[in-house]
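Q: Predicted structure and sequence below. I'll ask about it afterward.
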Amino acid sequence: MNALVFPLQGLTIIVCLGVLLHLQFGRTGIVNFGVVGFSGLGMYTTGILVVNYEVPFALALLIATALTGLVAFLLGLLILNLESEAVLVATLAFSTIVFYLVTSESWLTEGVVGLGTVPRPFDVGDTSTSQLLFLLVLVAIAAALLVYAARLQHAPYGRLLFSIQDNETLSRSLGKPTFRHKLVFFTVTCAAMGAIGGLDASVNQFLVPRLLTADLTFVVWIALVLGGRKRVFGAVLGTLLTVGIFDIVIELYVDVPREFAQQLPNVQLMLFGLTLILVILFRPQGLLGERRRKPQDSPTAESRKKVQA
Amino acid sequence: MDTLIIGLIEAAPLVLAAIGFTLIYYLNGFINVAYAETVTSGAYFAILFNSILGLNFYAAIVPAALLAGALSALTYVAVFRPALRRGVGKIEMIVLSVGLSFLMRHAVRLFFGVDLYLFDITDPSYLSVFGTGVTSAQIWAMVLAVLIAVGAYLLTYKTTYGQQIRGLASNADLAATSGIDPTKTSVLVWFVSGVAGGLAGIFIGVFSFVDYTLGWNLILIIIMVTIIGGIGSVRGALVAGAATGIATAVLTNLSDPLYAQVFLLLLFIAVLRFRAAAARSVKTLMARS
């Protein structure tokens, strides 16, 4: 049981980030390729405040969330009215900057040596009970995010966000201040990513820059795209099928030969890449997505037919 | 001054990589993140011929670059062409290329491990340019960069193939109805771009070492500076590619990677905002007249 708690905590973190990415990319059409930049900023801010300055965990988490939100606001102000390709590149570059920042400013972050130990947010005396309780808190947060995402589907605000994704020009012509809405939504969801990162600091307990490579961003992306980016439960299903299978089923229950076990994380990322290719090619809407749109319905197919005629 | 010259010399492989990346971006209109792995593959093919099979370094360059080109063309035929035919959107194409990049990068890691590989060059003759020591490999990299740039220019502007490429890039449907075979032309572009990327990988490997993150570490910078340079035409793309490489090398040599990256992001945002504003003002002008 105890062996399960730690990987489940990690898995729940990925689910939370996946739901937040669903809100950004699947709902509003904001292409955030810098997930790890926001969660990493929250993670290290929390870690630095708790370890170096002995700030209480809750306060540190609050400051980290606010700081991530502020940074996201400033970045969003600059980039959210650019085309989505530019948003993608800029957010990816942002996460690289956070990575360099953590690596090079070692007077603050301990750099590659590592920053530790970040304690759990609470301690009820017994370690394994505290760990289990912490897992339950994370699951509750994931559930809350899922409920919010599900309710958003039917709320007017959700439809507004959807209209921004589908046709922003049209939405603006109907008098909706789309840029302001995008900016506020981006700020809040990125701040939430920062908060999740802060909690992740406590899951990992020992922080190294390696936790902040773009690999994490793409693990979240792969999970979401596999499950279905427009579906509330897409991130959950996707995470279970990717991280769940590798970090829990294979790691704990499959007897992998020793010489192969070293290659496992590598094979895992290779298969994740392959999964992403297959999903985009054969089921771009993800496993939970709606029925496949027939090729003749798509505007490009129509124009191609016209050309042929 | 020294850093500037070293920057310029080290720019040569980046110029090659940027030209190759730009060709694909110009033709197919999407950011191909997996281009990073084309660059890496060139370096590993050369390592295979040079350090493992014992071929002379300069003799190893040719088959390695050709294989990198073939691999690049193969990724187009096996993955990107089917996706483009299915009408996969611009952003999804990028996500797809990220997936391919993961697959290829970790496949390389599976076969070659995390070791650093070094090239075995028998005659590292040192020369002096404006008082700065350079090796013969660096001179060769510069010569090849110039050759590839000129070759790409001649290919696109002086040959029938070039005409077809330009036609395909500006209007794929019209090009297809005019009897241009889009597959044949695209395969050629992906091959040329792969050769350029492969050569870039080889020379980056010669200047330092080869490991599986070689291309991945460069791709973001290549993407950003290529977009900053702007893709109007092949001519513009070649100039942008050359400028990209030089700017990147100077940038990374003169300052800490952190500040280089911050500077690049700010420049990227500023240029794109300026361009968007310019496009809007043209539209309003046209609406008024």
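A: Arrived safely, thanks for sending.

Q: can you give me how far the lengthiest helix in chain B is from the chain middle?
A: The longest helix of chain B (DSSP state H) is helix B:257-288. Distance of helix B:257-288 from its chain centroid, counting by C-alpha atoms, centre = their mean, to the nearest Å, is 23 Å.

Q: Point me to the helix or strand that includes the closest residue to chain A within the stretch 101-250 of chain B.
A: In the stretch 101-250 of chain B, the residue that lies nearest chain A is B:F102 (2.9 Å; C-beta to the nearest C-beta). C-beta coordinates here come from the backbone N, C-alpha and C atoms, glycine included. Taking DSSP states H and E as the criterion, B:F102 maps to helix B:90-112.

Q: thought A:G10 was touching A:V243?
A: Yes: here A:G10 reaches A:V243: they are 7.3 Å apart, a contact under C-beta atoms under 8 Å.

Q: The two: which is more packed in?
A: Neighbour totals were compared for A:G10 and A:V243, and A:V243 leads with 23 against 17 (other C-beta atoms under 10 Å in any protein chain shown).

Q: Go ahead and confirm the more buried one touches A:T12.
A: No: counting by C-beta under 8 Å, A:V243 sits too far from A:T12 to count as a contact (10.1 Å).

Q: Please enumerate the helices of the chain.
A: I went with chain A, as the question did not name one. Going by DSSP H, chain A shows helices at A:2-21, A:35-53, A:57-79, A:84-104, A:106-109, A:127-154, A:156-166, A:168-173, A:178-204, A:214-227, A:234-239, A:258-261, A:264-282, A:299-308.

Q: Not quite, go with chain B.
A: B:2-28, B:35-47, B:57-75, B:81-85, B:90-112, B:136-158, B:160-170, B:172-177, B:182-207, B:216-229, B:234-254, B:257-288.

Q: returning to that earlier point: which positions in the longest helix of chain B come out as buried?
A: Buried positions in helix B:257-288, judged by neighbour count with 16 or more other C-beta atoms under 10 Å in any protein chain shown: B:P257, B:L258, B:A260, B:Q261, B:V262, B:L264, B:L265, B:F268, B:I269, B:V271, B:L272.

Q: Just the closest of the residues you listed to A:L108, please.
A: B:L258 (12.9 Å; C-beta to C-beta).

Q: Could you pull up the contacting residues of the closest residue to that closest one other than its chain neighbours?
A: In space, and not counting its chain neighbours, B:L258 is closest to A:Y100: 4.0 Å by C-beta to C-beta, 6 or more residues apart in numbering or on different chains. With contacts defined as C-beta atoms under 8 Å, 6 or more residues apart in numbering or on different chains, the neighbours of A:Y100 are B:D256, B:P257, B:L258, B:Q261.

Q: What score does A:Y100 have for pLDDT?
A: Looking at A:Y100, its pLDDT stands at 91.

Q: For B:E10, see how far away it is.
A: 20 Å (C-beta to C-beta, to the nearest Å).

Q: how many neighbours does A:G26 have?
A: 26.

Q: let me fix that: B:N28
A: 20.

Q: In space, what's closest to B:F209 - neighbours in sequence excluded?
A: Distances taken as C-beta to C-beta, 6+ apart put B:L116 closest to B:F209, at 4.4 Å, once the chain neighbours are dropped.
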